[in-house]
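> Sharing a sequence plus its predicted fold:
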Amino acid sequence: MHGSIVRTRITVFLTAAFTAAGALIATAPPAAAMPASPATTALVTCPLGTETISYTPGLKLPALPPAPPNPSVSLSASGTLGTCVSLDLLHTSGTITFTGAGPLTCLGGNSTGSGRVTWSNPGTTPSDFTFSGGVSVRPNGVTVLVLSGTVTAGDFTGAAVVNTIVLASTDLTACLTPAGLTTSSGPITLTLVSP
């Protein structure tokens, strides 16, 4: 009985979120023609890593409209990069950590922060980066966190950073508890691209 009530509430929230997103997309004016961006080169791509993220306070579902602003949530993460494809032989594996904060709920939001990629090879220097990012729930129910930013110090300074985390183990029923969703984890793909 309790399980069906929880599933019904989650379905109502997700349906409302997707309906609102669809309405915004349908009513958005056509984008102006943008000039083609200059060619970029992937410096390092690290697919198939893993990352765990902690949230304080825990993430919850947003209130139904009219809703107050999303609460500010601090997040911290650590993970291991998968085998990297690099333009050199030095940056082939490593670890990643980041911290940030922003108005987040189980259904979305944005955050900003900073992080570090520590490369396994002792002949390298850690790549420090800043980021902004958002959480989105895809139509198939998969939650995805995308962080994008710039390397500010160390190897690859000036390169663009994109860290995509598929939060496969997200338990949306935890969003309905008093503590909220306090941790999630899943596979990551890290890409550094020439500016």
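Structure received.
> need the contact list for the spatially most central residue of the chain.
Centrality entry for the chain: nearest residue to the mean C-alpha point is L145, 2.0 Å, by C-alpha atoms, centre = their mean. Going by C-beta atoms under 8 Å, 6 or more residues apart in numbering, L145 touches 53, 133-135, 164-165, 167. C-beta here means a position set from N, CA and C on the backbone, and glycine is covered the same way.
> So which of those residues wins on neighbours?
I165 (27 neighbours; other C-beta atoms under 10 Å).
> The longest strand along the chain: how far from the chain's middle?
The longest strand of the chain (DSSP state E) is strand 42-59. Offset of strand 42-59 from its chain centre (C-alpha atoms, centre = their mean, to the nearest Å): 7 Å.
> what do you get for stretch 125-135?
11 Å.
> neighbouring contacts of it?
98, 100, 104, 107-119, 143-157, 159, 161, 163, 167, 192.
> which residues of the chain fall in helices?
2-27 (DSSP state H).
> Show me the shaky parts of it.
1-39, 138-139, 169-170 (pLDDT under 70).
> Show me the strands in it, by range?
42-59, 72-80, 85-86, 94-105, 108-119, 127-137, 143-153, 160-167, 181-193.
> Present the ones you listed as JSON lines; the columns should include distance to C175.
Converted to JSON lines, the strands of the chain look like this (distance: least, C-beta to C-beta, whole Å):
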{"stretch": "strand 42-59", "distance to C175": "6"}
{"stretch": "strand 72-80", "distance to C175": "12"}
{"stretch": "strand 85-86", "distance to C175": "36"}
{"stretch": "strand 94-105", "distance to C175": "8"}
{"stretch": "strand 108-119", "distance to C175": "12"}
{"stretch": "strand 127-137", "distance to C175": "11"}
{"stretch": "strand 143-153", "distance to C175": "11"}
{"stretch": "strand 160-167", "distance to C175": "12"}
{"stretch": "strand 181-193", "distance to C175": "5"}
